[in-house]
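1. Requesting a structural model of the entry that follows:
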Amino acid sequence: MEGSRAAYLTQSRGPAWGRASPENVIWLTFSGARGTETECTMGLLSGTAAYDRTRILEAADRAAARKRRRKAIRLYRRVLVVEPGNGDLLAKLAPLLAQRGQAYDAWTSYRRACRTFIREGLAERALTSYREASRLLPRQVEGWLAAADLERKSGRDADAIRTLIQGRCHMRGRKLRPQAIYLLRRVRELDAWNFDAVLDLARLLGRTDQGEEAAILLDGLASRCTGVELRRVRGAQWRMTPTLRHTWLWLRAALGARGATVRAPEQV
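-> As a prediction, the model looks like this:
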């Protein structure tokens, strides 16, 4: 190149402009009449030689395979600047972000990827990504809900119920109690008297200001089960309201399962 129109890029691995790797590009400004810094930038983004998509993705894949997550994230994001709606790249980026503890960015990438898959008619691909999100971000309740919704829409209600109950198991502690309650309510939409879900829901409600609803659920559950399950329900009722009546109901359920006969206590 010559005169004021001379411009070039230097980088550590490749002497030629046409083979310059975008990983190491040093940007210089065109000083002549034919180009500006903005045009140079736009040229890279629009697919000129300096933006080599294949080489960037190959480098990103190698970095991810070697657990060099930070580098892989940077390279995937470089391509996503040009292709923001690429579901495949978003699905590759999301687990790397999750593994680096960037939960919000990871979930955002999973959600964008899955929405893209659904628009393209790839529901199973979206379900796989949501399941991965639930595994890597177990306290992200939206991941469990989204996976269960896709399973329900495909006619797999039993799978949806298992997904919701599994999600509830990760919602421990007072801060996550509302999410646990919501997941169990969603189970009831698919199976209104699922024993484990209803008993768990009643116990959680009993620890809040929703004890009346919990009592109704336990009464309904008691009328639908026998044996060991009934004993568990009566025990939950007694722990919630330790009255004489509930003590007797629990004893009758406990001993009745063994063939014993228990007389009702006199009313006090």
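
2. what separates residue 129 from residue 192, distance-wise?
-> Remark: distance between residue 129 and residue 192 (CB to CB, to the nearest Å) = 30 Å. Every residue, glycine included, has its C-beta placed from N, CA and C.

3. Settle it for me: which of those two has more neighbours?
-> residue 129 (26 against 10; other CB atoms under 10 Å).

4. if I look at that one, how far off is residue 102?
-> Remark: distance between residue 129 and residue 102 (CB to CB) = 17 Å.

5. now residue 189
-> Note on residue 189: its distance to residue 102, by CB to CB, is 33 Å.

6. swap in residue 144?
-> According to CB to CB, residue 144 and residue 102 sit 20 Å apart.

7. Work out for me the element the spatially most central residue of the chain sits within.
-> Centroid-nearest residue in the chain: residue 143, 3.0 Å away (criterion: CA atoms, centre = their mean). Element membership of residue 143 [criterion: DSSP states H and E] is helix 141-153.

8. same for that helix, what does it pack against?
-> For helix 141-153, the elements it packs on are helix 103-119, helix 123-136, helix 157-169, helix 177-190, judged by 3 or more CB pairs under 8 Å, 6 or more residues apart in numbering; DSSP states H and E.

9. For the shortest one, the averaged confidence score.
-> Think helix 157-169. On average, the pLDDT along helix 157-169 is 97.

10. buried residues in stretch 154-165?
-> By 16 or more other CB atoms under 10 Å, the buried positions in stretch 154-165 come out as 159, 160, 161, 163, 164, 165.

11. Kindly report the same for stretch 85-105.
-> Buried positions in stretch 85-105, judged by neighbour count with 16+ other CB under 10 Å: 86-87, 89-98, 102, 105.

12. for the stretch 151-268 of the chain, what spans make up the helices?
-> Per DSSP state H, counting those that start in this stretch, the stretch 151-268 of the chain carries helices over the ranges 157-169, 177-190, 195-206, 211-222, 227-240, 244-256.

13. Please render those helices as TSV that adds distance to residue 50 to the earlier fields.
-> Output for those, formatted as TSV (distance: least, CB to CB, whole Å):
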stretch	distance to residue 50
helix 157-169	46
helix 177-190	47
helix 195-206	57
helix 211-222	63
helix 227-240	67
helix 244-256	76
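
14. Find the nearest non-adjacent residue to residue 116, please.
-> Nearest non-adjacent residue to residue 116, counting by CB to CB, 6 or more residues apart in numbering: residue 87, 3.4 Å away.

15. Verify the contact between that neighbour and residue 111 for me.
-> No. Taking contacts as CB atoms under 8 Å, residue 87 lies outside contact range of residue 111: 10.9 Å.

16. if I look at residue 148, how far off is residue 69?
-> Taking CB to CB, one finds residue 148 at 29 Å from residue 69.

17. okay, these two: which has more neighbours?
-> Neighbour tally, residue 148 and residue 69, criterion other CB under 10 Å: the higher count belongs to residue 148, 29 against 17.
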